[in-house]
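[1] pasting the structure only:
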Ligand SMILES: [Fe+2]
């Protein structure tokens with residue numbers, strides 16, 4: 001079952017690739033990406049976080065809920081999140097979505113050239129953002145938190161006590177820092193400082209299903225996730241700075 005929240009002034013739907021959309025696509029099944037639909041249940045407008053694999057399924061999911069697409073939020077440029085060439089497979093994503101709908105695509109400014117390269121969509125087609133920018137989807141305000149580390153312009157989205165974290169933070173572990181643009185020190189700073197404003201009672205929604213649970217509170221995650229244990233940058237680098 002995919003998770004749908006429709007109360008407390010927020011519409012939030014969590015969709016697992018290969019199960020809830022792009023059903024049967026072997027890459028989608030293997031990668032276990034989460035795509036999110038998030039918006040305002042009153043005005044019925046929503047944005048899609050990280051559209052990939054089968055954008056028609058995502059548009060159909062919005063239509064099924066009588067929601068209108070108001071834009072796209074990008075956590076980071078990896079093709080399993082935005083589309084592109086992924087280990088020899090061509091993954092559908094933002095380029096295909098923009099053929100079907102004309103909506104703003106919100107990208108952190110440090111990630112612009114990377115997203116352009118992954119998707120083949122020109123940089124000028126994206127809306128560039130800095131840390132702490134906010135966008136409104138109907139009456140729902142979403143804060144964009146720049147969290148470099150997995151990639152230079154990775155960003156997380158905070159709205160009404162929900163944190164959509166992309167590949168910055170999982171329930172167990174965090175995103176790799178050994179891929180191009182990765183930075184272990186920056187990841188430590190993102191996890192311990194930039195995300196410190198997220199309260200313990202906020203719910204963490206990760207970019208992949210790498211654990212049995214699909215979401216957890218930040219409090220629970222802070223007490224259980226081994227990547228949040230190191231007390232200093234030195235300890236962090238010794239454990240995870242590869
Ligand atoms: Fe990634």
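    Ah, there it is. If you're wondering where the values come from, they're calculated on a predicted model, not measured in any experiment.
[2] okay, residue 30: pLDDT?
    pLDDT, residue 30: 96.
[3] Where does it fall, secondary structure wise?
    Following DSSP states H and E, one finds residue 30 within helix 26-31.
[4] Next secondary structure after that helix?
    strand 34-40.
[5] Contacts made by the helix or strand just after that following strand with the rest, please.
    Per DSSP H and E, the first helix or strand lying C-terminal to strand 34-40 is strand 45-49. Strand 45-49 has contacts (Cβ atoms under 8 Å, 6 or more residues apart in numbering) with 11, 35-40, 58, 62, 65, 67-75, 97, 106, 135, 137-138, 142, 157, 164, 166. Where C-beta positions appear, they are placed from N, C-alpha and C, glycine not excepted.
[6] How about stretch 231-242?
    By Cβ under 8 Å, 6+ apart, stretch 231-242 touches 174, 177-178, 184-185, 187-188, 227, 230.
[7] Just give me the residue closest to the centre of this protein.
    residue 166 (3.2 Å; Cα atoms, centre = their mean).
[8] Apart from its chain neighbours, what residue comes closest to that residue?
    residue 75 (2.6 Å; Cβ to Cβ, 6 or more residues apart in numbering).
[9] Is the one you found in a helix, a strand, or coil?
    Here residue 75 is recorded as coil under DSSP: H, G, I helix; E, B strand; the rest coil.
[10] mind listing what it touches?
    49-50, 81, 154-157, 164-168, 207.
[11] Kindly identify which of those also come near the ion.
    Contacts with the ion within those, as defined by Cβ under 5 Å from the ion: residue 167.
[12] And the contacts of stretch 231-242, which two are furthest apart?
    Within the contacts of stretch 231-242, 178 and 230 form the most distant pair, 17.3 Å apart (Cβ to Cβ).
[13] and the two? which has more neighbours close in?
    Under the criterion of other Cβ atoms under 10 Å, the comparison of residue 178 against residue 230 puts residue 230 first, with 18 against 10.
[14] Going by secondary structure, that one is in what exactly?
    Using DSSP H and E, no helix or strand contains residue 230.
[15] can you list the residues of this structure near the ion?
    Checking the chain against the ion by Cβ under 5 Å from the ion, the hits are 78, 167.
[16] Show me which helix runs longest in the chain.
    helix 55-64 (DSSP state H).
[17] what is the orientation angle of that one with strand 45-49?
    Calculated by axes from the mean of the first three to the mean of the last three Cα atoms, to 10 degrees, helix 55-64 forms an angle of 150 degrees with strand 45-49.
[18] Quick check on the contacts of strand 45-49: which are buried?
    11, 35-40, 58, 62, 65, 67, 69-75, 97, 106, 135, 137-138, 142, 157, 164, 166 (16 or more other Cβ atoms under 10 Å).
[19] rewinding a little: how close does the residue nearest to residue 166 sit to residue 82?
    9 Å (Cβ to Cβ, to the nearest Å).
[20] ends of stretch 211-230, how far apart?
    The straight-line separation of the ends of stretch 211-230 (Cα to Cα, to the nearest Å) is 21 Å.
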